[in-house]
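K.L.:
Okay, here's the prediction I keep looking at, along with the sequence it came from:
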Amino acid sequence: MAQVSLRRVVKEYEGGVQAVKGIDLEIADEEFVVLVGPSGCGKSTTLRMIAGLEEISSGEIAIGGMVVNDIPPRDRDIAMVFQNYALYPHMTVYENMAFGLTLRRFPKDEIRRRVENAARILDIGELLDRKPKALSGGQRQRVAMGRAIVRDPKVFLFDEPLSNLDAKLRVQMRVEIKKVHQTVRTTTVYVTHDQVEAMTLADRVVVMNQGIIEQVGTPQELYHRPATRFVAGFIGSPAMNMIPARLENGAGALRLRLPGDIVLPVPAERTQRYAPLAGGEVLFGIRPEHLTEPKNLDRPNIATFEAAPEVIEPLGMETLVIFSLQGNEVTARLDPAVPAERGRKMPFAADLNQMHLIEPRTGRVL
Amino acid sequence: MADGNVLAAPAPAPAAVAPARPGALRRLARRRSTLAFVLTVPLLTVIGGLVVWPFFYAIYLSMLNKRMTRFVGLDNFAFLLSRETFQLVIMQSVIFAVGAVVAKALIGFILAHVLHALPAKGQRKWRGMLLVPWVIPPAISTLAWWWLFDPSYSAINWMLMGIGAPPVAWLGEPGWARFAVILVNVWYGAPFFMIMYLAALKSVPDQLYEAAAIDGATGWQKLRYVTVPMMKNIIAITVLFSLIVTFANFDIVRILTNGGPQDRTHIFGTYAFQVGIQSGDIPLGAAVSLFMFPVLALLAVFVLRDVTRRSREMAG
């Protein structure tokens, strides 16, 4: 068990391309941290630098207080689960799981004890004599995790472990991984491009984009208080609506003028926060779930407006309605009982307590 | 399988009414398997004429007397086994083939690793150069080696004398002559192993090495527990194939030593030629050349069975 520290870590490839541009990150003991971001954001490279599979161009990585920059992977006391499992095809499940311990010259009965224990946690006791080829995708994934668990390492590293599984199995294995972490409490760094996976698994999520960390926070923090336009757009599904708007000053209160001449009053308690932007162009950010059929109109800061749906997506538990404000697509989330018809104007309510204003130039959320 | 498709398709209704024979013929001609067979006929003819027929003819010949007038059963084989020269030939063939194949496999394995470690850019150039010995017709390259080993003009001896070592009668002394024929065979055959092993190395997923590195494997342990097991099938097939071809070698020994000195470098191929063609006992020569067949055939069955089992367990 150990904490992991990254200090100004840079990965530069030949030709000067920087995949990771000097990131700082402190991961606490027993914490489950998920690195999430689009492909090419540097999350896998960061993980591979922690593993020692990728050299660190500059900066420092420490595991359990010890700087590991020049320590080979085998001496870092880490275990890794790969996207395509990387099981040794010529070994049985038992041998695959025991391999790391055999190399470290553990006594035979200790190896057996640990493998059987891990097999019990992962419910793969029946499979120990099989070769990986005879396993399904989900079973292989379990074996790969078993191989990590038996080592009882300081840190678990997961590199997109679920992306080769079908959607149903992915949800199931996600739960499995969370359970395993709750059982063994090993510090875990987990890489994924799937924000749902990130939100559901993580104690803290690290959102990366183009080699830098955009924001670090708990899933709730990232969802409710995104720091940048990127995080606001990346976290949450369907994505947050971002509508170009004008912040107008009128009679001691601020108003937002959206395309289509929709005017929304800015909550009074935010007047001071947004005052510096008054009179300028901003991006008005609001999540689909805060754009609904008119309801709770008695509460403060609920504003209504009208628009005509262009696309209606009934999902069963909710209905997504997409309308356009002068070319800007906006998604709203309605109760499935609300009748919506394509092309016919209907009322919507915006919960402005949940609004965000983004400075278009810097991408900062105010 | 294509066959199955055609059979499964409903037969056109009028065919049932029309006279049966032409319809059946036409259906036979339209089958994809029929077409496939027709297209392979030229190849089957060549194989039949150049491989199958000579093979059975050789078996037939090996059971005749010297004048080829009488069937003698296995007498030729019994006679051969009783002769000291032939016992020598068996031993020499085994030394030659096993020694050469082991050396070729080892050198090929090492070269493949060296090439694999080179950056992709320089790799092609080296790969091309290292393949040269395998591409030159062995009859020609062996002549060059023969000149290198020549007692009077030997370039190797010239170099030896340069460092103060005594000259060696490369092809005149039995031990050195055996070494020389093996050396040339290795020189000629190692690139084949190299290229096969290089292909095998390239097919081992990098992630297995990364997983092994994290599991705690050193370079040697990765080689032993990942590389070699992953290459087992290729190693088995190349060794088997090379063993068969090396046991059947003829040109290198024929050109370098012609079996001498005192038959000490004869192998099955050259001895069969000497007995069968030069001394005119064709049945006995046929018996010599067939001698290894049962052993190698049995070996092939076992090796290939293992290969099939492994690939069934591992592939996919």
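P.N.:
Ah, there it is.

K.L.:
A:Ala2: which element?
P.N.:
Under DSSP states H and E, no helix or strand contains A:Ala2.

K.L.:
With A:Val311 instead?
P.N.:
Judged by DSSP H and E, A:Val311 forms part of strand A:309-314.

K.L.:
Can you list the helices and strands that that strand packs against?
P.N.:
On a contact count with 3 or more C-beta pairs under 8 Å, 6 or more residues apart in numbering or on different chains; DSSP states H and E, strand A:309-314 meets strand A:319-325. Every C-beta, even on glycine, is put in place using the N, C-alpha and C of the backbone.

K.L.:
partners of the strand it packs on, with directions?
P.N.:
Paired strands of strand A:319-325, with direction, are strand A:309-314 (antiparallel), strand A:328-334 (antiparallel) (DSSP bridges).

K.L.:
export it as PDB, just CAs?
P.N.:
C-alpha atoms of strand A:319-325 as PDB (Å, rounded to 0.1, in the frame of the first residue of the first chain):
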ATOM      1  CA  THR A 319     -37.200  11.500 -23.200                       C
ATOM      2  CA  LEU A 320     -34.400  13.600 -24.700                       C
ATOM      3  CA  VAL A 321     -35.600  16.500 -26.800                       C
ATOM      4  CA  ILE A 322     -33.200  18.300 -29.100                       C
ATOM      5  CA  PHE A 323     -34.100  21.700 -30.400                       C
ATOM      6  CA  SER A 324     -32.100  24.400 -32.100                       C
ATOM      7  CA  LEU A 325     -31.500  28.000 -31.100                       C
END
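
K.L.:
can you count the residues close to residue 79?
P.N.:
Since you didn't name a chain, this refers to chain A. By other C-beta atoms under 10 Å in any protein chain shown, 25 other residues sit near A:Ala79.

K.L.:
To clarify, I was referring to chain B.
P.N.:
13.

K.L.:
cool, A:Asp129 as well?
P.N.:
10.

K.L.:
So it: helix, strand or coil?
P.N.:
What DSSP: H, G, I helix; E, B strand; the rest coil gives for A:Asp129 is coil.

K.L.:
Over to the closest residue to it other than its chain neighbours: give its phi and psi.
P.N.:
Distances taken as C-beta to C-beta, 6 or more residues apart in numbering or on different chains put A:Thr92 closest to A:Asp129, at 5.5 Å, once the chain neighbours are dropped. Note on A:Thr92: its backbone torsions stand at phi -70, psi 170 [degrees, to the nearest 10].

K.L.:
Mind pulling up the pLDDT for residue 267?
P.N.:
With no chain named, the answer covers chain A. pLDDT, A:Pro267: 89.

K.L.:
oops, I was thinking of chain B
P.N.:
So B:Ile267 comes in at 91 (pLDDT).

K.L.:
for B:Tyr225, same thing?
P.N.:
On the pLDDT scale, B:Tyr225 is placed at 94.

K.L.:
so where's the chain shaky on pLDDT?
P.N.:
Just so you know, I chose chain A. Scanning chain A for pLDDT under 70 picks out the ranges A:1.

K.L.:
Can you look at chain B instead?
P.N.:
In chain B (pLDDT under 70), the answer is B:1-22, B:316.

K.L.:
A:Met80 is nearest to which of the strands paired with strand A:319-325?
P.N.:
The minimum distance between A:Met80 and these falls on strand A:328-334, with 37.8 Å, by C-beta to C-beta.

K.L.:
circling back to that earlier point, got CSV for the strands paired with strand A:319-325, with mean neighbour count too?
P.N.:
What follows is the strands paired with strand A:319-325, written out as CSV (neighbours: other C-beta atoms under 10 Å in any protein chain shown):
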stretch, mean neighbour count
strand A:309-314, 14
strand A:328-334, 19
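
K.L.:
quick one: which of the ones you listed is nearest B:Asn249?
P.N.:
Across the strands paired with strand A:319-325, closest to B:Asn249 is strand A:309-314 (C-beta to C-beta), at 73.5 Å.

K.L.:
Return the residues in contact with the nearest residue to B:Ile277 once chain neighbours are set aside.
P.N.:
Leaving aside its sequence neighbours, B:Ile277 sits nearest to B:Gly285 (C-beta to C-beta, 6+ apart; 6.6 Å). Going by C-beta atoms under 8 Å, 6 or more residues apart in numbering or on different chains, B:Gly285 touches B:272-277.

K.L.:
again, only using 10 Å
P.N.:
B:58, B:61-62, B:76, B:271-279 (C-beta atoms under 10 Å, 6 or more residues apart in numbering or on different chains).

K.L.:
Narrow those to those in helices?
P.N.:
B:58, B:61, B:76, B:271-273 (DSSP state H).
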